[in-house]
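Chemist: Sharing a sequence plus its predicted fold:
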Amino acid sequence: MKKIFFIIGMFLFINNVSATSDNIFYYNDEKVYGMYIKRDNGNQSVIAIPRILKKRSDNSYIYCLEPFVYLKNDTPYIKIEDPTKINLTENDVNRINLLIYYGYGYKNHTNIKWYGITQYLIWKQVDPVSKIYFVNPSTNKPDDLYRTEINEIELLISNHLTKPNFIKDYVIDDETILNIESNIDLSNYEIETNIPYEIIDNNIKFNKLKEGEYTFKIKHINNRFNIDYGLYYHKDGQDVIAPGYSPIYDISYEFKVKVVKPSITLNKSNSITGEKLSGAVYGIYQNNKLIKKITTNKKGIVITNLTFGEYIIKEITPPKGYKLDNNEYKVKIDENNTNVSLSLVDDKIIIKIPDTGLYSNKRIISLFILSIGIIGLIYGKK
């Protein structure tokens, strides 16, 4: 993995780099005794005990990025920003930083074995072609002694990269307590908001938010490193990484909550003329139970203080002079349908006068009187 193409550029640049102790590293006398790592790249097989590498300036530990390549002890290294110059991708660097974060030094990972396990996993990442494994030196066969620890680190990384299932837009009614179930460990996150909330059984609970729109940000808590991580190159020796802050630690997500006041608006009118009607009494039913009565007016009536759910609207008393509307109107209020408007009509009662035959009798009487008058006229002339 040594870089011929990069040596010339680094050689020209190295004279301008001050040889501070921040980029000088050394082998510590401490080893992870009892742990043996083997690397087989097809050309040679090597077994070694992991040794602790440290930074000269503050004695903090570092990790090597090339399996079984010697560190240039106490000689200046060059700090680089571009990982591709040491044949690493951005994904490689993110993965290595997560291994460092959840490896040695994380919570109860204080035993020195965790350093060796972390170094082993870094080697597996940077050299996927070679066979790298723990080995029993007496049998020269693979040793699965640290499988539990490896699985624990991998699970922590998987959880870190798991997207919360609640990252979406919510629409709730203002009477609802929003209880968000979580698929992640919320103890590793902080919620950036000025709205009161509680974490109960790993769920986020908001109590009766006021009407409006809110944006919440959930951010992973970085409680390990205050300085940035560093990649260091040496033209003749082992490339290394110094643990520190990485943006991958601060992975964050946003979700929005819109609090609405559900309503149903009733507009009552004449079925023929469209004239607005008042005085109709309607019942609002939910689960076959009458929850409220309202009386319409000519401007329309708005029913509020509702929650999401299904309702039935039925006319109880029609306006004076109108027939009762026997229809039932089903309404569903949810996050996609928060304000419903219904246009309802009634038919006017038409009063018909019954036919008694009086009109026909009047005609007969009129004809009779007319006949008498004509007869009298004739006799008068005579």
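Modeler: Yes, it's here. Residues are numbered from 1 along each chain as shown.
Chemist: Thr304 against Ser263, yeah?
Modeler: Yes. Contact between Thr304 and Ser263 holds when scored by Cβ atoms under 8 Å: they sit 5.0 Å apart. The C-beta positions use only the backbone N, C-alpha and C, and glycine is treated the same way.
Chemist: Who has more neighbours out of these two?
Modeler: With neighbours defined as other Cβ atoms under 10 Å, Thr304 and Ser263 compare such that Ser263 has more, 15 against 11.
Chemist: Surely the more buried one is in contact with Ile303?
Modeler: Yes. With contact defined as Cβ under 8 Å, Ser263 and Ile303 form a contacting pair (6.1 Å).
Chemist: Could you report the pLDDT at the residue nearest the centre of the chain?
Modeler: The centre of the chain sits closest to Ile167, judged by Cα atoms, centre = their mean, with a distance of 0.5 Å. As summarised for this prediction, Ile167 has a pLDDT of 92.
Chemist: Is Lys141 bridged to anything, and to what?
Modeler: Counting by DSSP bridges, Lys141 is bridged to Asn136.
Chemist: mind checking how far it is from Trp123?
Modeler: To Trp123, Lys141 is 19 Å away according to Cβ to Cβ, to the nearest Å.
Chemist: Next: Pro50.
Modeler: Distance from Pro50 to Trp123, counting by Cβ to Cβ: 10 Å.
Chemist: Between the two, which contacts overlap?
Modeler: Taking Cβ atoms under 8 Å, 6 or more residues apart in numbering as the contact criterion, the residues that touch both Pro50 and Trp123 are Ile37.
Chemist: check contacts around the residue nearest to Pro318 when sequence neighbours are not counted.
Modeler: Using Cβ to Cβ, 6 or more residues apart in numbering and skipping the chain neighbours, the partner closest in space to Pro318 is Leu324 (4.7 Å). Neighbouring residues of Leu324 by Cβ under 8 Å, 6+ apart: 315, 317-318, 346.
Chemist: Tell me both backbone torsions, phi and psi, for Leu324.
Modeler: When quoted as degrees, to the nearest 10, the phi and psi of Leu324 stand at phi -70, psi 130.
Chemist: Could you check how far it is from Ala280?
Modeler: 9 Å.
Chemist: list residues touching both of these two?
Modeler: Where contact means Cβ under 8 Å, 6+ apart, the residues bridging Leu324 and Ala280 through contact with each are 315, 317-318, 346.
Chemist: which ones among those are found in strands?
Modeler: Of the shared contacts of Leu324 and Ala280, the ones assigned to strands by DSSP state E are 315, 317, 346.
Chemist: Ranking by neighbours, what's the top pick from those residues?
Modeler: Counting neighbours by other Cβ under 10 Å, Glu315 leads those with 23 neighbours.
Chemist: out of everything not next to it in sequence, what's closest to that one?
Modeler: Ranked by Cβ to Cβ, 6+ apart and with sequence neighbours excluded, the top spatial neighbour of Glu315 is Asp325, at 4.4 Å.
Chemist: ok, now Lys293?
Modeler: Taking Cβ to Cβ, 6+ apart, and ignoring the residues beside it in sequence, Lys293 has Gly283 as its nearest neighbour in space, at 5.6 Å.
Chemist: right, and the one you found touches Ile316 too?
Modeler: Yes. Counting by Cβ under 8 Å, a contact exists between Gly283 and Ile316, whose distance comes to 5.0 Å.
Chemist: Quick check: neighbours shared by these two?
Modeler: Common neighbours of Gly283 and Ile316 (criterion: Cβ under 8 Å, 6+ apart): Lys293.
Chemist: Helices of the stretch 251-382 of the chain, residue ranges please.
Modeler: 358-381 (DSSP state H, counting those that start in this stretch).
Chemist: What ranges does the stretch 101-250 of the chain have for its helices?
Modeler: Listed in chain order (using DSSP H, counting those that start in this stretch), the helices of the stretch 101-250 of the chain are 113-126, 147-161.
Chemist: Please identify the deepest-packed of the ones you listed.
Modeler: Using mean count of other Cβ atoms under 10 Å, the stretch among those with the greatest mean number of neighbours is helix 113-126 (a mean of 22).
Chemist: which residues are contacting it?
Modeler: Looking at helix 113-126 with Cβ under 8 Å, 6+ apart, the contacting residues turn out to be 1, 32, 35, 37, 39, 50, 52, 61, 63-67, 88, 92, 95-96, 99-100, 103-106, 132, 134, 146, 149-150, 153, 241.
Chemist: neighbours of Glu66, just the number please.
Modeler: Neighbour count of Glu66, defined by other Cβ under 10 Å: 19.
Chemist: right, I mislabeled it, should have said Asn73
Modeler: 13.
Chemist: May I have the residues that are in contact with it?
Modeler: If you count contacts by Cβ under 8 Å, 6+ apart, Asn73 has them with 25-27.
Chemist: Drop the exposed ones from the residues you listed and show what's left.
Modeler: The neighbour-count test (16 or more other Cβ atoms under 10 Å) marks 25-26 as buried among the contacts of Asn73.
Chemist: Just to check, His109 is in contact with Ile100?
Modeler: No. In this structure His109 lies outside contact range of Ile100 using Cβ under 8 Å: 10.9 Å.
Chemist: the more surrounded of those two?
Modeler: In this view His109 and Ile100 are compared by other Cβ under 10 Å, and Ile100 has more residues nearby, 27 against 18.
Chemist: is His199 in a bridge, and if so with what?
Modeler: Residue 199: Ile, not His. In this structure, Ile199 has beta-bridge partners Ile204, where bridges are defined by DSSP bridges.
Chemist: Pretty sure it sits against Leu186.
Modeler: Yes. Counting by Cβ under 8 Å, Leu186 is a contact partner of Ile199 at 5.4 Å.
Chemist: which of the two has more neighbours?
Modeler: In terms of neighbours (other Cβ under 10 Å), Leu186 is the more surrounded of Ile199 and Leu186; the figures are 17 against 13.
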